[in-house]
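Chemist: fold the following and give me the result.
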Amino acid sequence: MKRRQKGKIGHFAAKIDMAKAHDRVEWSFLEGAMRKMGFAEAWVQKIMVCVRSVTYSILVNGNQSAAISPGRGIRQGDPLSPYLFLLCAEGLSAYTEKAVQEKRLHGLQPAAGAPVISHLFFADDSIFFARATQQECIILKEILSDYERESGQLVSFQKSEVSFSKNVSPHNKLIIGGTLGMSIVEKHEKYLGLATTAGRSKKELFSGLVDRVRKKLKGWKERVMSVAAREVLIKSVVQAQLSYAMSVFKIPEGILEQVHSLMTTFWWGQKGSERRVHWIRREELVCPKMEGGMGFRDMKGFNLALLAKQLWNLYQRPESLIARILRAKYHKRSSILEANVGHNPSFVWRSLFTAQEFLHRGLRWRIGNGDSVRIWGDKWIPHKEIQYVTSSPRGLPVDARVSDLIDPITEVWDLPTLEKCFPAEMIQTVLQIPLRGFHERDKLIWSSSKDGNYTVKDGYHVWLQQFKVEEGVEPAGDEGVWKKLWAAKVAPKVKIFLWKFARNVLPTGDHISGKSQRWGDQCPFCNLKETQLHFFGDCSWTSRIWRASDLADCFEYQPALNCFQWLQQVMDRVDDEKLGRWSVLLWFLWKERNAQMFNGVKVPEEEITTRAWSFFDDYQRHQQLHPIQQEEKEMSEGWKKPGLGSHKINTDVGVDEADGIRLGVVIRDSGGKFLLSATKRVHGSFEVEMGEALAAEYGMQLALQFAITHPILESDCLPLIQKIDAAASIHTEIGVICRNIRHIFNEIGQGSWNHVRRMANEAAHIMAHSRDLSSNAIVWLDNPPPCLVHQLQLDNAMADSD
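Modeler: I've put the predicted structure just below:
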């Protein structure tokens, strides 16, 4: 609308404000809407019981009043309420659609070939588009009036606004604004919290984000907060607060730098106008905790990852409303991933376009029928290091497709053609690509994820790896040490202190003497030069406290070591409890040093240890009283017989001594009777999950071949079972296998698949790992191989004893 300057017929956009939207919903309208939409009567009645049973009470001078039963409205704050309100809003949508179908109301077409938009709703936020004629104004008012009468809603015309396209005359604007009874505005400043238009100055547009963050942090600074609390608030509130805007727009780098500055200043504990030293640069703080960072997000990378997610969604859902609009306007003849920025693009499109190249870098083709993928030039090899065919074109034209490498009759790789085109090592890699999806189309997938779907987490991780290379940031020490540190059974603030200790950034004398003239580099207890190693290990004051405690073995260290290595040495030497006590005493020594140095408060040496142990014990008791509950599915330890008429198919995979893997299968009936077992060698190098998937597929193929009914597939690989559950949404090569497994289940009829513990899958494990089975593929019917007899007897004995 902003750029529509030509044409006889202009358009208007009416942003409607509903007064007390949730409180005014008529129950009869909600009930009728559910019936009209086809909900079962029993369901409708249950929902209406929930709605009608609500009561309220109020406090009058501290006394609770009698219960008040409302006659309409839905309770705000209830998880069900937003969905019920959507059903009511569907009524308004239906009124509007009917007017459009009868051609009494005409919406706005953003571009030639784009769908016509008559209204956009999000909960009680609504905006209508129509031609700027008095007739359509009257029709819109009639629709709103009918909706008000039926639903109980009330339009607040005083708070509603109407804006116009450039080709509407000032006179018509006044007439339409008067007819609608709404305020006339040049533009709607915001819709759903975001700006509707972007001017030349993007910094001015997003300056409110900086103000919002500053206001939040300023409010928090007035309270006493531990460093652990500051970490949680930065990650869960500040960074999350910006996510919505960054999902739609590319925020100017200057704005993001200001946000970063505010966050790091808050993190290091700066208050008011004081200045605090930032002991570690931001580029290291954003590194994962397992690499010595704090895991804060870099806003620039996070912005890019969020925009890439929007681009991925548009590619995955080409028939969504926004995808159709953008396609009509910017890329009519190409995929959104191949689109150009175009002429005079909107700020939203330019923002999305900035993520296109980043998304491209992480995508590769998963082969279906091979028709869309070029052998040379496209990424289609499922290998972490090499995704392109690196050899020079030979045997086929340069523009040949992957389908030229597949035998159309057998639907398997054409080995003679492969041998003409590729060297031996590349042939082995290609042969590992499954072709069960030969009748599927080729699909672009995100190569860094396990299911082929792009997620913001995966995208940000890829960006961060590149960012660390560009900034020259290396992991700060062994990952195992950081893993133990963050898993230590101590309070979060102690963990962060320990992180500072390991990074050697505590403000000891040698650190602060160069930053401030107020303090020298002498130890406040022994007057020697104070370093972290000196204070915590060599100082006479701390040495006496260490020796008086029961942590003398933790106190001993090699003088040449740094603090990180000292921590590593302690972790290797003591158990979890002693590590926790050592960490807490370390923290208390630092606290008492600061109390004496800055406040002149002295505590007897023996009392320091007592206080430290009291703090540690109190925290452990609290953790025992409030343990973190983790729901675990109950699983039997040993193999169980299936129900009457069912058959269990146990599968497993093992690494073959030769180049490849070996698949193992065992099938038994409801009485535990052995029916068949099989083993098969598959050449090539496979990841564990792919090997487990091939074993499960082999087991189901045998079940189909030997007419096994009611199969129950069991595997000790939980990720595989989860992928079979979600086979339709797994786009990698393993998803092709999982869909084929589901297909075989459909051919057989009834069946299921379950995850079991290793003990319940021991028979299949033996078949997959036995060195006595040297054949490439062999099946035993009725009589098991000698290596399996004892395990079958053991499984039946355990099953009968339960």
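Chemist: is it correct that residue 677 falls within a strand?
Modeler: Yes: assessed with DSSP: H, G, I helix; E, B strand; the rest coil, residue 677 lies in a strand.
Chemist: so it sits right up against residue 667, yeah?
Modeler: Yes: contact criterion Cβ atoms under 8 Å: residue 677 and residue 667 qualify, at 7.2 Å. Glycine gets a C-beta too; all of them are placed from N, C-alpha and C.
Chemist: which of these two has more neighbours?
Modeler: More crowded of residue 677 and residue 667, by other Cβ atoms under 10 Å: residue 677, with 27 against 23.
Chemist: now do the same contact list for that one.
Modeler: Neighbour list for residue 677: 664-667, 763, 767, 779-780, 784-785, 788 [criterion: Cβ atoms under 8 Å, 6 or more residues apart in numbering].
Chemist: what's the domain layout of this structure?
Modeler: With domains defined by automatic domain parsing, the chain comprises 11-195, 198-367+442-471, 479-625, 647-801.
Chemist: tell me which of those domains sits most buried.
Modeler: domain 647-801 (a mean of 19; mean count of other Cβ atoms under 10 Å).
Chemist: how far does it sit from its chain's centre?
Modeler: 32 Å (Cα atoms, centre = their mean, to the nearest Å).
Chemist: could you do stretch 643-652 as well?
Modeler: 36 Å.
Chemist: could you work out the end-to-end span of it for me?
Modeler: Terminal residues of stretch 643-652 are spaced 22 Å apart (Cα to Cα, to the nearest Å).
Chemist: average model confidence for that stretch?
Modeler: Per-residue pLDDT over stretch 643-652 has a mean of 96.
Chemist: neighbouring contacts of that stretch?
Modeler: 639, 641-642, 663-670, 675, 692, 695-696, 698-700, 702-703, 708-716, 756, 760-761, 763-765, 767-769.
Chemist: can you do 7 Å?
Modeler: Here stretch 643-652 makes contact (Cβ atoms under 7 Å, 6 or more residues apart in numbering) with 642, 664-670, 675, 695-696, 699-700, 703, 708-716, 761, 763-765, 768.
Chemist: what segments of the stretch 701-802 of the chain are helices?
Modeler: 718-725, 733-748, 762-769, 786-801 (DSSP state H, counting those that start in this stretch).
Chemist: just send the ones you listed back as JSON lines, with distance to residue 338 and mean pLDDT too.
Modeler: Shown next, in JSON lines, are the helices of the stretch 701-802 of the chain (distance: least, Cβ to Cβ, whole Å; pLDDT from 0 to 100):
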{"stretch": "helix 718-725", "distance to residue 338": "30", "mean pLDDT": "96"}
{"stretch": "helix 733-748", "distance to residue 338": "24", "mean pLDDT": "94"}
{"stretch": "helix 762-769", "distance to residue 338": "44", "mean pLDDT": "94"}
{"stretch": "helix 786-801", "distance to residue 338": "55", "mean pLDDT": "92"}
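Chemist: between the ones you listed, which one is closest to residue 36.
Modeler: helix 718-725 (34.4 Å; Cβ to Cβ).
Chemist: hey, C-alpha coordinates of that closest one in PDB?
Modeler: C-alpha atoms of helix 718-725 as PDB (Å, rounded to 0.1, in the frame of the first residue of the first chain):
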ATOM      1  CA  LEU A 718      16.400 -45.400  21.000                       C
ATOM      2  CA  PRO A 719      17.200 -42.700  18.300                       C
ATOM      3  CA  LEU A 720      16.300 -45.200  15.600                       C
ATOM      4  CA  ILE A 721      12.900 -46.000  17.200                       C
ATOM      5  CA  GLN A 722      12.200 -42.300  17.500                       C
ATOM      6  CA  LYS A 723      13.000 -41.800  13.800                       C
ATOM      7  CA  ILE A 724      10.700 -44.600  12.800                       C
ATOM      8  CA  ASP A 725       8.000 -42.900  14.800                       C
END
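Chemist: longest helix in the chain, please.
Modeler: The longest helix of the chain (DSSP state H) is helix 576-599.
Chemist: ok now the helix or strand hosting residue 43, how far from the chain's centre?
Modeler: Using DSSP states H and E, residue 43 falls within helix 41-52. Distance of helix 41-52 from the chain centroid (Cα atoms, centre = their mean) equals 35 Å.
Chemist: following element in sequence after it, please.
Modeler: Proceeding N to C from helix 41-52, the next assigned helix or strand is strand 59-60, under DSSP H and E.
Chemist: save the domains of the chain as CSV, and put in distance to residue 414 too.
Modeler: Below are the domains of the chain laid out as CSV (distance: least, Cβ to Cβ, whole Å):
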stretch, distance to residue 414
domain 11-195, 42
domain 198-367+442-471, 13
domain 479-625, 44
domain 647-801, 17
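Chemist: quick one: which of these is nearest residue 388?
Modeler: Going by Cβ to Cβ, the one of the domains of the chain nearest residue 388 is domain 198-367+442-471, 9.1 Å.
Chemist: tell me the centre residue of the protein?
Modeler: By Cα atoms, centre = their mean, the chain has its centre lying nearest to residue 457, at 5.0 Å.
Chemist: all helices for the stretch 351-500 of the chain, in order.
Modeler: 356-362, 415-421, 424-431, 456-471, 479-487, 492-503.
Chemist: now distance to residue 197 and mean pLDDT too, for the ones you listed, in a markdown table please.
Modeler: Listed next are those as a markdown table, based on distance: least, Cβ to Cβ, whole Å; pLDDT from 0 to 100:
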| stretch | distance to residue 197 | mean pLDDT |
| --- | --- | --- |
| helix 356-362 | 23 | 94 |
| helix 415-421 | 54 | 91 |
| helix 424-431 | 51 | 87 |
| helix 456-471 | 26 | 94 |
| helix 479-487 | 45 | 95 |
| helix 492-503 | 44 | 95 |
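Chemist: would TSV of the ones you listed with distance to residue 237 be doable?
Modeler: Below are those laid out as TSV (distance: least, Cβ to Cβ, whole Å):
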stretch	distance to residue 237
helix 356-362	27
helix 415-421	55
helix 424-431	47
helix 456-471	18
helix 479-487	21
helix 492-503	16
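Chemist: my guess is residue 525 contacts residue 539. True?
Modeler: Yes: the criterion here is Cβ atoms under 7 Å, and residue 525 meets it with residue 539 at 5.5 Å.
Chemist: now list whatever residues contact both of the two.
Modeler: What both residue 525 and residue 539 touch, as defined by Cβ under 7 Å, 6+ apart, is an empty set.
Chemist: how far does stretch 166-185 sit from the chain's center?
Modeler: Using Cα atoms, centre = their mean, the offset of stretch 166-185 from its chain centre is 45 Å.
Chemist: which of the contacts of residue 677 sit farthest apart?
Modeler: Among these, the pair separated by the greatest distance (Cβ to Cβ) is 763 and 779, at 14.8 Å.
Chemist: with just CA atoms, put the longest helix of the chain into PDB.
Modeler: In PDB, the C-alpha atoms belonging to helix 576-599 read as follows (Å, rounded to 0.1, in the frame of the first residue of the first chain):
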ATOM      1  CA  ASP A 576      32.300 -35.700  43.100                       C
ATOM      2  CA  GLU A 577      31.700 -34.800  46.700                       C
ATOM      3  CA  LYS A 578      35.300 -33.800  47.400                       C
ATOM      4  CA  LEU A 579      35.400 -31.800  44.200                       C
ATOM      5  CA  GLY A 580      32.300 -29.900  45.500                       C
ATOM      6  CA  ARG A 581      33.800 -29.300  48.900                       C
ATOM      7  CA  TRP A 582      37.100 -28.100  47.300                       C
ATOM      8  CA  SER A 583      35.200 -25.700  45.000                       C
ATOM      9  CA  VAL A 584      33.100 -24.300  47.900                       C
ATOM     10  CA  LEU A 585      36.200 -23.800  50.100                       C
ATOM     11  CA  LEU A 586      38.000 -22.100  47.200                       C
ATOM     12  CA  TRP A 587      35.000 -19.700  46.900                       C
ATOM     13  CA  PHE A 588      34.900 -19.000  50.600                       C
ATOM     14  CA  LEU A 589      38.700 -18.200  50.700                       C
ATOM     15  CA  TRP A 590      38.000 -15.600  47.900                       C
ATOM     16  CA  LYS A 591      35.000 -14.200  49.700                       C
ATOM     17  CA  GLU A 592      37.000 -13.800  53.000                       C
ATOM     18  CA  ARG A 593      39.900 -12.200  51.200                       C
ATOM     19  CA  ASN A 594      37.600  -9.600  49.700                       C
ATOM     20  CA  ALA A 595      35.800  -9.000  53.000                       C
ATOM     21  CA  GLN A 596      39.100  -8.400  54.800                       C
ATOM     22  CA  MET A 597      40.600  -6.400  52.000                       C
ATOM     23  CA  PHE A 598      37.700  -4.000  51.200                       C
ATOM     24  CA  ASN A 599      35.600  -4.000  54.400                       C
END
